[in-house]
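[1] Task: produce atomic coordinates for the following.
(chains A and B)
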Amino acid sequence: MTIKIFNTISKKKEIFQSTQPNSVTMYVCGPTVYSHPHIGNARAALVPDVLFRLLKSKYQNVLYIRNITDVDDKISEAAFKQNKTVYEISNKFIKIYQDNMASLNILEPTLQPKVTDNMLNIIGTIEKILMNGFAYVSDNHVLFDTNKYKNYGELSKRTLDEMIDGARIDIADYKKSPRDFILWKPSDRNQPGWESPWGMGRPGWHIECTSMIKNIIGDDNTLDIHGGGNDLIFPHHENEIAQGSCMSSSKYCNFWFHNGIVLVNKKKMSKSLGNVILLDDLLGQNTPNSIRLALLSAHYRQPLNWSDSTLIESSNLIKKFSILAKSYTGDINSYNNLEEEMISILSDDLNTPEAIKYLSELAKSAKKNQRDLAALIKSADFIGLNLLVSTPHTKNIIDEDLVRSMINERVKARVAGDFKKADKIRDKLLSMGILIKDLEGETVWDYNPDN
RNA sequence: GGCUAAGUGGCAGAGUGGUCAUGCAGCGGCCUGCAAAGCCGUCAACGCCGGUUCGAUUCCGACCUUAGCCUCCA
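    Here you go, the predicted structure:
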């Protein structure tokens, strides 16, 4: 069965084909580690995670690389403000990032290279570009010469003239052309710096990705899939293609894969608008499953407008699935190919809303059909939703014995016909975050997902 | 201003040249001491104007609106 994915460079849904028959190489731009990860970082990791799971179901070897940018002026700035070293900042946020992603059941990539571990490779890559005549040294900087690379703009579909006309920035005087971008720049004493043929300095923003990719897959090999947020198409990925195509003769990458951004109140999150939603906050009040489902509720290429109701809806749905899943008593392994339909849905450009619809339909038929119930559990699991293990919210720590004794008291009151008292106890439980249901012969309880 | 996307029912959000999205909410019913949950049924949409077509929400063009990018950004 084939996988179709939308390729940004052709602007079409294409049948995915890897360069090697049983292997896939995928690179996704990871975080710059200078602050707490937000919901947008989560989407940017979660979308490739679903693709990774899908690819793994069809290919023997999937090499999934997600880098860690631990050299960046934003990190230096954070270090300066907090009176800490650059490494203290980056190590702290690497740890938080990885913990947050693990909480969301996002699988670890095969490799997570760091910029600081690749400085010699980066310098080597820049030397190759210089040697091939696509870069120049000016005032201790090394710059990519965009006028030398004739396909510049092929990803973002803009011409150099358009970019120059639309430019809102002042042109640095060491640049030959306003669109030329930095491969290497000098560092002063307060900035992290490395020895290079061009003096103490540090790499520009784009070169790290190109260098790490080529270092891992080999200069003359083509990457199968390169992913990242929509907002990275220009200039970051455009510049990567330019560099990567000019350091060796091989094509840089076959499939470009971009996820839409998360909007809050219909606007992109930004510190100035004060609408940044941090994962730490979200994870304190919601189950990983509901956050995950909420992030998958829109197609990955669409913008996702985040609101309270997004989470409420997804947590209701997850609760419905989980209750059903827990009623399953059979052996899941007695059925074959339970995930087949889910795989086929995702194979069409990762259509997660369609996948959720499928789960809803399974939930409906699962009441009468054990196989569908098993399929619900397995299919949800395929997209990383574990229905069998419920994770209570961290703030919802409850004395279960107390809950049971309150329920018993209410049962007694109901038997005695004292419904006033029974309702009072029910209200009290609700205020504690406990939802009860009177089923035939017994009363069951669960955490209230809205709480 | 330039570039790139998108505009679907009360909300979220897929999809399709001619029959159902789905979820939440609403409405009617079953169930219940009453609820909650569940179940059954039900209402409702394709920004605007043209064009192509026997037929368009779906294809084409203009217009309007929104978002993103053009500066760090996932």
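
[2] Who is residue A:202 paired with across the strands?
    residue A:185 (DSSP bridges).

[3] Roughly how far does it sit from residue A:210?
    Computed with CB to CB, to the nearest Å, the distance linking residue A:202 and residue A:210 is 16 Å. (Glycine included, C-beta is placed from N, CA and C.)

[4] Which one's more surrounded, those two?
    Higher neighbour count among residue A:202 and residue A:210: residue A:210, with 27 against 22, using other CB atoms under 10 Å.

[5] From what I see, that one and residue A:125 are in contact.
    Yes. Judged on CB atoms under 8 Å, residue A:210 makes contact with residue A:125 at a distance of 6.3 Å.

[6] Need the overlap of contacts for these two.
    Overlap of the contact sets of residue A:210 and residue A:125 (by CB atoms under 8 Å, 6 or more residues apart in numbering) consists of A:243, A:247.

[7] Quick check: which element contains residue A:90?
    Using DSSP states H and E, residue A:90 falls within helix A:86-103.

[8] Quick one: check that helix for contact with RNA strand B.
    No. Figure legend: helix A:86-103 not in contact with RNA strand B (CB under 7 Å from any atom of the strand); closest approach 9.9 Å.

[9] Show me what that helix packs onto, helices and strands only.
    Judged by 3 or more CB pairs under 8 Å, 6 or more residues apart in numbering; DSSP states H and E, helix A:86-103 is in contact with helix A:39-58, helix A:73-82, helix A:279-285.

[10] Return the most buried member of these.
    Each of the helices and strands packed on helix A:86-103 was scored by mean neighbour count; the highest is helix A:39-58, a mean of 22, by mean count of other CB atoms under 10 Å.

[11] what comes up buried for the following helix or strand past that one?
    Toward the C-terminal end, the helix or strand that comes next after helix A:39-58 (DSSP H and E) is strand A:61-66. Residues of strand A:61-66 classed as buried: A:62-66 (neighbour count, 16 or more other CB atoms under 10 Å).

[12] Let me know the closest of these to RNA strand B.
    For the buried residues of strand A:61-66, the minimum distance to RNA strand B (CB to the nearest atom of the strand) is 10.2 Å, reached by residue A:66.

[13] can you list the domain ranges for chain A.
    Here the domain parsing of chain A from automatic domain parsing is A:18-263, A:286-382, A:400-447.

[14] Switch these over to CSV; also include mean pLDDT.
    Output for the domains of chain A, formatted as CSV (pLDDT from 0 to 100):
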stretch, mean pLDDT
domain A:18-263, 93
domain A:286-382, 90
domain A:400-447, 85
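
[15] Output those as TSV; include the columns distance to residue A:388.
    Below are those laid out as TSV (distance: least, CB to CB, whole Å):
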stretch	distance to residue A:388
domain A:18-263	13
domain A:286-382	6
domain A:400-447	14
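
[16] With residue A:279 as the reference, name the closest of the ones you listed.
    domain A:18-263 (4.4 Å; CB to CB).

[17] who touches residue A:373 in this structure?
    A:324-325, A:327-328, A:362, A:366-367.

[18] same deal with residue A:15?
    A:2-4.

[19] hey, what's it bridged with?
    Here residue A:15 sits in beta bridges with residue A:4, as judged by DSSP bridges.

[20] got a pLDDT number for it?
    Listed pLDDT for residue A:15 reads 92.

[21] Look up how far residue A:268 lies from it.
    For residue A:15, the distance to residue A:268 - CB to CB - is 32 Å.

[22] With residue A:106 instead?
    Counting by CB to CB, the gap from residue A:106 to residue A:268 is 22 Å.

[23] If you count surrounding residues, which of these two has more?
    Neighbours per residue (other CB under 10 Å) separate residue A:106 from residue A:268, with residue A:106 holding more: 22 against 13.

[24] got the contact list for the residue in chain A positioned nearest to RNA strand B?
    Nearest residue of chain A to RNA strand B, counting by CB to the nearest atom of the strand: residue A:229, 1.9 Å away. Applying CB under 8 Å, 6+ apart to residue A:229 gives the contacts A:29, A:40, A:43-44, A:258-259, A:261.

[25] Quick check: beta-bridge partners of it?
    Residues in beta-bridge contact with residue A:229 (DSSP bridges): residue A:259.

[26] Go back to the contacts of residue A:229 and keep what's next to RNA strand B.
    Applying CB under 7 Å from any atom of the strand to these, those adjacent to RNA strand B are A:29, A:40, A:43-44, A:259, A:261.

[27] Looking at those residues, which is nearest residue A:121?
    residue A:29 (17.1 Å).

[28] Tell me how many other residues crowd residue A:237.
    26.

[29] Just the element for residue A:224, please.
    strand A:223-229.

[30] and what of residue A:142?
    strand A:141-144.

[31] What of residue A:315?
    helix A:308-326.

[32] pull the CA atoms of that helix into PDB?
    Extracted C-alpha coordinates of helix A:308-326, given in PDB (Å, rounded to 0.1, in the frame of the first residue of the first chain):
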ATOM      1  CA  ASP A 308     -10.900  25.900  25.700                       C
ATOM      2  CA  SER A 309     -13.600  24.100  23.800                       C
ATOM      3  CA  THR A 310     -11.000  22.300  21.600                       C
ATOM      4  CA  LEU A 311      -9.800  20.600  24.800                       C
ATOM      5  CA  ILE A 312     -13.200  20.000  26.300                       C
ATOM      6  CA  GLU A 313     -14.400  18.300  23.100                       C
ATOM      7  CA  SER A 314     -11.400  16.100  22.800                       C
ATOM      8  CA  SER A 315     -11.400  15.200  26.500                       C
ATOM      9  CA  ASN A 316     -15.100  14.200  26.200                       C
ATOM     10  CA  LEU A 317     -14.400  12.000  23.200                       C
ATOM     11  CA  ILE A 318     -11.300  10.400  24.800                       C
ATOM     12  CA  LYS A 319     -13.400   9.700  27.900                       C
ATOM     13  CA  LYS A 320     -16.000   8.000  25.800                       C
ATOM     14  CA  PHE A 321     -13.400   5.800  24.000                       C
ATOM     15  CA  SER A 322     -11.600   5.000  27.300                       C
ATOM     16  CA  ILE A 323     -14.700   3.800  29.100                       C
ATOM     17  CA  LEU A 324     -15.500   1.500  26.200                       C
ATOM     18  CA  ALA A 325     -11.900   0.300  25.900                       C
ATOM     19  CA  LYS A 326     -11.800  -0.600  29.600                       C
END
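
[33] which ones are touching the nearest residue to residue A:338 once chain neighbours are set aside?
    If you skip the residues right next to it in sequence, residue A:338 has residue A:378 as its closest partner in space, 4.0 Å away by CB to CB, 6 or more residues apart in numbering. For residue A:378, the contact set (CB under 8 Å, 6+ apart) comprises A:332, A:338-339, A:342.

[34] Neighbour count, distance to residue A:277 and secondary structure for these - can I get that in a markdown table?
    What follows is the contacts of residue A:378, written out as a markdown table (neighbours: other CB atoms under 10 Å; distance: CB to CB, whole Å; DSSP: H, G, I helix; E, B strand; the rest coil):
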| residue | neighbour count | distance to residue A:277 | secondary structure |
| --- | --- | --- | --- |
| A:332 | 15 | 35 | helix |
| A:338 | 20 | 34 | coil |
| A:339 | 17 | 31 | coil |
| A:342 | 24 | 28 | helix |
